[in-house]
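**Student:** Pasting the sequence and the predicted model now:
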Number of protein chains: 2
Amino acid sequence: MTVPEPGLPMTVPEPGLPTRVRIHEVGARDGLQNEKSTVPTEVKAEFVRRLAEAGLTTIEATSFVHPKWVPQLADAEQLFPQVSDLAVDLPVLVPNERGLDRALALGATRVAVFASATESFAKANLNRTLDEALAMFEPVVGRAKAEGVHVRGYLSMCFGDPWEGAVPVPQVVRVCRALLDMGCDELSLGDTIGVATPGHVRALLTELDVPVEKVGVHFHDTYGQALANTYAALQHGVTTVDASAGGLGGCPYAKSATGNLATEDLVWMLQGLGIDTGVDLGRLVATSAWMAEHLGRPSPSRTVRALSHQE
Amino acid sequence: MTVPEPGLPMTVPEPGLPTRVRIHEVGARDGLQNEKSTVPTEVKAEFVRRLAEAGLTTIEATSFVHPKWVPQLADAEQLFPQVSDLAVDLPVLVPNERGLDRALALGATRVAVFASATESFAKANLNRTLDEALAMFEPVVGRAKAEGVHVRGYLSMCFGDPWEGAVPVPQVVRVCRALLDMGCDELSLGDTIGVATPGHVRALLTELDVPVEKVGVHFHDTYGQALANTYAALQHGVTTVDASAGGLGGCPYAKSATGNLATEDLVWMLQGLGIDTGVDLGRLVATSAWMAEHLGRPSPSRTVRALSHQE
């Protein structure tokens, strides 16, 4: 055990857990796309830069979805060149081939597609059946891979769906396999409406039976379960965890969603467990406090509130 | 797996976890004693009654501390007789022999003393050394036991202390043993400033080596860690978990403490894990939403916000 510096937890490692976790930071994309107000491009660019300076190495920068659907990220063409010199991975979301073209034209080397585990969400989000949605992603993934681009496959509604309720594990496994078969390098298993609990997480990861380096987890804190679920995933060996600086964001299909797992709350736990992330918690908290001020409301992250004395 | 009713998580049990957990509900005492405004006695009595109707079976009702120190609970003599007919356990906090006398006079059959694991907190809270504080509790516990009264020993600052930083596990174990040796029937290990992480929890429980039925855990959510820590304690076999309806309360010594683990967030996880608590989540959420309205601010519980559509 090591004595903590002020503002850091005591480090007590737990045998069997990973020694290093890659945080996939989604605040600039998943966070800001769900904000009511549109953040100016230069503020977004500074946000991404500050996240990199805080030690995050995978920062999802923006989305090349049609501006009609996500006006908050309509400036992807302007933003990306402002941050592409950073020495970090900068994946971008591409909804379809047109989005992929735009991302490739700017030199993106990592893209992500956004699928769902349920018919209802495919219908609501893409106006397609689940199989039609998967068929739509196939050429996107195929062309990206042909260009040597790393592809992440988001899978939303892996645990519960606002229309369908609980989502059966075998159904999620089927869609996961389809995404891997078409060439996705990694998956991000999303609990979009935040209903999962640790036993459910463990059941899906066990049933999925995919090498852990290909699996990330993406939890929402709607019912306060995100960190406990993450801990369960770490115990299963997962080493990629999605989180959003300051807990920014939410889900437009889950009205009361309080947003993504806050990166700071995650880092606090990982630091306490002796798991290396490369993140400087103080700098990260300062960044989220700065963004919260810009957005005009306190961060939903408990750790940001505690360490920046916001209340 | 069972399909959930709306507003409940899918149940996916985890092998090795307890099948039943006793929630020690502290909202009426630990929660309300930290509120700025004093809640009228009849509202407190209704709160306790509603908690019992929601299925909670251990409800800490009030504190017999001197009104000068905790004016919010100065009405203990008036409140206790209004709820003592409920068919639930109603422990009360007694700081010293005078408090014990007052509690016994009203027919209390369960009391709790409030010790700390650190010199600094004993000094700040009781103006005594740690050993002097323990010596002060000895006759309280001894007399209570002689009267056939069940005694719980709270131990605050088991993980971190605002003055001393990290608290060494052996020091906590020593104070735990002292409380058990003087006759306490159970302990409540408190993370008063909310800094603990799961590995630290596991280390303390392992080192403590006391039958799990004598150990409760009491986590604060200052850094968002309370539920993950609870999950770690469950994996260790702990079956008594302290929580506060709606996440009421905090710690006067930790300014930015966001309060106790919310009972609703706990019940959500336990229900998802198939662990029986006897609690009706809908009724509990309604109770906390009612109290939040009375206090004039939204509940800090994520689950209460999600299910009662507060934001």
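**Tutor:** Arrived safely, thanks for sending.
**Student:** Look up which residues are beta-bridged to A:Asp217.
**Tutor:** Asp isn't right for residue A:217; it's Val. Beta-bridge partners for A:Val217, by DSSP bridges, are A:Leu189, A:Val241.
**Student:** which residues sit against the helix or strand that A:Thr303 is a member of?
**Tutor:** Counting by DSSP states H and E, the element that carries A:Thr303 is helix A:302-308. Here helix A:302-308 makes contact (Cβ atoms under 8 Å, 6 or more residues apart in numbering or on different chains) with A:7, A:246-247, A:262, A:264-265, A:267-268, A:281-282, A:285-286, A:288-289, A:292, A:298-299, A:310-311, B:194, B:221-224, B:256-258. To be clear about C-beta, it is placed using only N, CA and C from the backbone, and glycine gets the same treatment.
**Student:** which among those end up buried?
**Tutor:** With neighbours counted by 16 or more other Cβ atoms under 10 Å in any protein chain shown, the contacts of helix A:302-308 contain buried members at A:246-247, A:262, A:264-265, A:267-268, A:281, A:285-286, A:288-289, A:292, A:299, A:310, B:194, B:221-224, B:256-258.
**Student:** So A:Thr38 is in contact with A:Leu79, correct?
**Tutor:** No - counting by Cβ atoms under 8 Å, A:Thr38 does not reach A:Leu79; the two are 11.8 Å apart.
**Student:** For A:Phe47, see how far away the residue in the stretch 51-200 of chain A that chain B sits nearest to is.
**Tutor:** Closest to chain B within the stretch 51-200 of chain A is A:Thr197: 2.6 Å, counting by Cβ to the nearest Cβ. A:Thr197 sits 32 Å away from A:Phe47, going by Cβ to Cβ, to the nearest Å.
**Student:** same thing with A:Glu293?
**Tutor:** Noted for A:Glu293: a distance of 12 Å to A:Phe47, by Cβ to Cβ.
**Student:** still on that earlier bit, now, which of the buried ones among the contacts of helix A:302-308 lie within helices?
**Tutor:** Among the buried ones among the contacts of helix A:302-308, the ones falling in helices (DSSP state H) are A:Glu264, A:Asp265, A:Val267, A:Trp268, A:Leu281, A:Val285, A:Ala286, A:Ser288, A:Ala289, A:Ala292.
**Student:** for the residues you listed, which one is nearest chain B?
**Tutor:** Of these, the one sitting nearest to chain B (Cβ to the nearest Cβ) turns out to be A:Asp265, at 3.5 Å.
**Student:** OK, contacts around the closest residue to that closest one other than its chain neighbours?
**Tutor:** Distances taken as Cβ to Cβ, 6 or more residues apart in numbering or on different chains place B:Gly224 nearest to A:Asp265, at 3.5 Å, with adjacent residues excluded. Listed by Cβ under 8 Å, 6+ apart, the contact partners of B:Gly224 are A:Leu227, A:Ala262, A:Asp265, A:Trp268, A:Ser301, A:Arg302, A:Thr303.
**Student:** count of neighbours near the fifth one?
**Tutor:** Other residues within reach of A:Ser301 by the criterion other Cβ atoms under 10 Å in any protein chain shown amount to 34.
**Student:** and it, what are its phi and psi?
**Tutor:** With angles defined as degrees, to the nearest 10, A:Ser301 sits at phi -70, psi 130.
**Student:** didn't A:Gly194 look like it was pressed against A:Leu227?
**Tutor:** No - if you go by Cβ under 8 Å, A:Gly194 and A:Leu227 don't touch, sitting 11.7 Å apart.
**Student:** got any residues that touch both of the two?
**Tutor:** Counting by Cβ under 8 Å, 6+ apart, the contacts common to A:Gly194 and A:Leu227 are A:Phe219, A:Asp221.
**Student:** Please identify the nearest residue in space to the residue in the stretch 201-311 of chain A that chain B sits nearest to, excluding sequence neighbours.
**Tutor:** Residue nearest to chain B within the stretch 201-311 of chain A (Cβ to the nearest Cβ): A:Gly272, separated by 2.6 Å. Distances taken as Cβ to Cβ, 6+ apart put B:Thr197 closest to A:Gly272, at 2.6 Å, once the chain neighbours are dropped.
**Student:** Next up, phi/psi of that neighbour, please.
**Tutor:** Torsion angles, degrees, to the nearest 10, at B:Thr197: phi -130, psi 170.
**Student:** can you pull the contacts of it?
**Tutor:** Contacts of B:Thr197 by Cβ under 8 Å, 6+ apart are A:Pro9, A:Met10, A:Val12, A:Trp268, A:Met269, A:Gln271, A:Gly272, A:Leu273, B:Gln225, B:Ala228, B:Asn229.
**Student:** cool, and A:Pro67?
**Tutor:** Counting by Cβ under 8 Å, 6+ apart, A:Pro67 has contacts A:Leu73, A:Ala74.
**Student:** How about A:Gln82?
**Tutor:** By Cβ under 8 Å, 6+ apart, the residues touching A:Gln82 are A:Thr41, A:Glu42, A:Ala45.
**Student:** try 10 Å this time
**Tutor:** A:Thr41, A:Glu42, A:Lys44, A:Ala45, A:Glu46, A:Val48, A:Arg49, A:Ala61, A:Asp75 (Cβ atoms under 10 Å, 6 or more residues apart in numbering or on different chains).
**Student:** same thing with A:Thr287?
**Tutor:** Counting by Cβ under 10 Å, 6+ apart, A:Thr287 touches A:27, A:46-47, A:49-54, A:56, A:245-246, A:263-264, A:280, A:304.
**Student:** Quick one: list the elements packing against the helix ranked longest in chain A.
**Tutor:** With secondary structure taken from DSSP H, chain A has its longest helix at helix A:130-146. For helix A:130-146, the packing partners by 3 or more Cβ pairs under 10 Å, 6 or more residues apart in numbering or on different chains; DSSP states H and E come out as helix A:97-105, strand A:110-116, helix A:119-126, strand A:150-156, helix A:169-181.
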